[in-house]
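Chemist: Everything below, folded, please.
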Amino acid sequence: MRILLVEDDASLASGIHLALKPEHYTVDHISDGATALHALTEGEPFDAVILDLGLPHLDGREVLKAVRHHGSQVPILVLTARDAVDDLIAGLDAGADDYLTKPFEVAELKARLRALLRRSQGQISSVLSGWGIRLDPHTLSVSYQGTDVALSRRELTLLQEFMSHPGRVFTRGTLTRLVYGWDEDVESNAIEVHIHHLRRKLFPGVIRTVRGIGYVMDKPPKDVI
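Modeler: The predicted model follows:
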């Protein structure tokens, strides 16, 4: 899952990034509201946003309003030191899906983020299944036809993206940004290598190549769980 973190406190942002890394999220960080708005309206889509309200250049609530006016339904979790009821209500009315008041426990941040992602995908449980594959994002475990499968962090992230969006064709560039984010150096064939490993560890047809475009995990037939 690709998460955009918008927070101007560098220390807090670094702590959140480290806390979410073991959860296999790809976290991109922006420190001001104007840049965040551009990323959310002009760039590749994110699965969720963690947004501070007190931002330089453009207030977080203005970012919320503009993103929703643009038509984006991306789940947004607001972080704010403003614990007054009026500020919290204003943030929710501006388009936030949930909020946390600073200081907060990392465990609660993770739980609220998981809940937002489940709701955005119409899921009651966070467990993904299809084609005999079962992926539990909470325990970071994968099985195929009842047998546990060991995946690397990148492989698991890639598989989760495909299973969360069956039938969607991803370009290689999109997959690279989803799996690696903005700031990492990536070998030109990295995505191909990860997909090769997934096909070998699961089954050859798990991810289909769409010639000249990218890759897709087809929707399983209704009689295949």
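Chemist: residue ranges with poor pLDDT in this structure?
Modeler: Counting by pLDDT under 70, the chain contains low-confidence ranges at 82-85, 122-125, 181-184, 223-225.
Chemist: Would you state the strands of it in chain order?
Modeler: Taking DSSP state E, the strands of the chain run over residues 2-6, 26-30, 48-52, 76-80, 98-101, 128-130, 133-136, 141-144, 147-149, 169-171, 208-210, 214-216.
Chemist: burial count for Asp47?
Modeler: 22 (other CB atoms under 10 Å). All C-beta spots, glycine's among them, are computed from the backbone N, C-alpha and C.
Chemist: Pull up the gap between it and Phe162, please.
Modeler: 13 Å (CB to CB, to the nearest Å).
Chemist: which residues does Gln145 contact?
Modeler: Contacts for Gln145 (CB atoms under 8 Å, 6 or more residues apart in numbering) come out as Gly132.
Chemist: Can you redo the strands of the chain as CSV, where the extra columns are mean neighbour count and distance to Leu116?
Modeler: Shown next, in CSV, are the strands of the chain (neighbours: other CB atoms under 10 Å; distance: least, CB to CB, whole Å):
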stretch, mean neighbour count, distance to Leu116
strand 2-6, 24, 10
strand 26-30, 21, 15
strand 48-52, 25, 6
strand 76-80, 23, 6
strand 98-101, 16, 6
strand 128-130, 17, 16
strand 133-136, 20, 18
strand 141-144, 17, 22
strand 147-149, 12, 27
strand 169-171, 16, 22
strand 208-210, 12, 30
strand 214-216, 19, 25
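Chemist: can those go into a markdown table with extra columns for distance to Arg114?
Modeler: Compiled in a markdown table, the strands of the chain are given as follows (distance: least, CB to CB, whole Å):
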| stretch | distance to Arg114 |
| --- | --- |
| strand 2-6 | 11 |
| strand 26-30 | 15 |
| strand 48-52 | 10 |
| strand 76-80 | 11 |
| strand 98-101 | 11 |
| strand 128-130 | 13 |
| strand 133-136 | 11 |
| strand 141-144 | 15 |
| strand 147-149 | 22 |
| strand 169-171 | 22 |
| strand 208-210 | 29 |
| strand 214-216 | 25 |
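Chemist: out of the ones you listed, nearest to Tyr180?
Modeler: strand 26-30 (6.8 Å; CB to CB).
Chemist: so what does the closest one touch, helix or strand wise?
Modeler: strand 2-6, helix 10-20, helix 33-42, helix 172-180 (3 or more CB pairs under 8 Å, 6 or more residues apart in numbering; DSSP states H and E).
Chemist: looking at those, which is buried most?
Modeler: strand 2-6 (a mean of 24; mean count of other CB atoms under 10 Å).
Chemist: Tell me what angle it forms with strand 48-52.
Modeler: Counting by axes from the mean of the first three to the mean of the last three CA atoms, to 10 degrees, strand 2-6 lies at 10 degrees to strand 48-52.
Chemist: The residue nearest to Ala19 when sequence neighbours are not counted: neighbour count?
Modeler: Spatially, and ignoring its direct neighbours in sequence, Ala19 is nearest to Val106 (4.6 Å; CB to CB, 6 or more residues apart in numbering). Using other CB under 10 Å, Val106 has 12 other residues around it.
Chemist: how far away is Val106 from Arg114?
Modeler: Distance from Val106 to Arg114, by CB to CB: 13 Å.
Chemist: How about Val186?
Modeler: Counting by CB to CB - Val186 and Arg114 are separated by 27 Å.
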